[in-house]
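Novice: Following is a predicted model, sequence given first.
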Amino acid sequence: MKELKPLNIAVLTVSDSRTLATDQSGNILVERLQKAGHQLGDRLLVPDNIYQIRAAVSQWIANTDLQAILVTGGTGFTARDTTPDALTPLFDQVIEGYGELFRQLSYTDIGTSTVQSRAVAGIANRTVVFAMPGSTGACRTAWDGIIQQQLDSRHQPCNFVAMVTYHPSYA
């Protein structure tokens, strides 16, 4: 059996009302990524502000020591929910199936309210970025149902690990 390639993963919480001390959604993501054998590369909390979100994620995308970024919060339809708008221009490629699958999985739990989720994902500078709603349930759904397998180098037939850990100098 193949061995797990641990990744360095950053966690960003987007919220106007939480602090790192009260951020249960971020805590769930940190616990799950560490339980899966990965390392927490960094963790931040920023307000629902398109430019602060974009600035934090841009710095992480430029950091070659990070392979993945998990963003929780700001994916709804209120005027303050700007996470997808902040992230999408940064993507070199959009992972369209992520949002589709997230909404399919969350339909079981929240029914048609899932259409109000703008969960998005993409690749930027060989870094995979997954954004999900800010609820603890949404973080569990995204990690357990999609992200964990896609960040596991042993998952077949494909995963994102080879893409985010490949360096041209190794070729």
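Specialist: Okay, I see it.

Novice: And the helices in this protein?
Specialist: Using DSSP state H, the helices assigned to the chain run over residues 24-35, 50-62, 83-87, 96-110, 136-142, 148-150, 161-165.

Novice: Which positions within the fifth one qualify as buried?
Specialist: For helix 136-142, the buried set under the neighbour-count rule, 16 or more other Cβ atoms under 10 Å, comprises 138-142. Just so you know, the C-beta spots here come from the backbone N, C-alpha and C atoms, and that holds for glycine as well.

Novice: hang on, the earlier thing: winner for burial among the helices of the chain?
Specialist: helix 83-87 (a mean of 23; mean count of other Cβ atoms under 10 Å).

Novice: Need the contact partners of it.
Specialist: With contact meaning Cβ atoms under 8 Å, 6 or more residues apart in numbering, helix 83-87 is reached by 14, 48, 50-51, 53-54, 57, 71, 73-75, 118, 120, 122, 129, 131.

Novice: For residue 99, state which of these is nearest.
Specialist: Ranked by distance to residue 99 (Cβ to Cβ), the contacts of helix 83-87 are led by residue 120 at 5.5 Å.

Novice: Could you list which residues are in contact with that closest one?
Specialist: If you count contacts by Cβ under 8 Å, 6+ apart, residue 120 has them with 75, 83-84, 87-88, 94, 98-99, 131.

Novice: Could you rerun that using 10 Å?
Specialist: When contacts are counted by Cβ atoms under 10 Å, 6 or more residues apart in numbering, residue 120 touches 71, 75, 83-85, 87-88, 91, 94-96, 98-99, 102, 129-132.

Novice: That one - nearest residue in space that isn't next to it in sequence?
Specialist: residue 84 (4.6 Å; Cβ to Cβ, 6 or more residues apart in numbering).

Novice: How much space separates that neighbour from residue 93?
Specialist: Counting by Cβ to Cβ, to the nearest Å, the separation of residue 84 from residue 93 is 15 Å.

Novice: my guess is residue 43 meets residue 29, correct?
Specialist: Yes - counting by Cβ atoms under 10 Å, residue 43 touches residue 29, with 9.0 Å between them.

Novice: beta partners of residue 40?
Specialist: Per DSSP bridges, the residues bridged to residue 40 are residue 9.

Novice: So for it, what's the pLDDT?
Specialist: On pLDDT, residue 40 comes in at 98.
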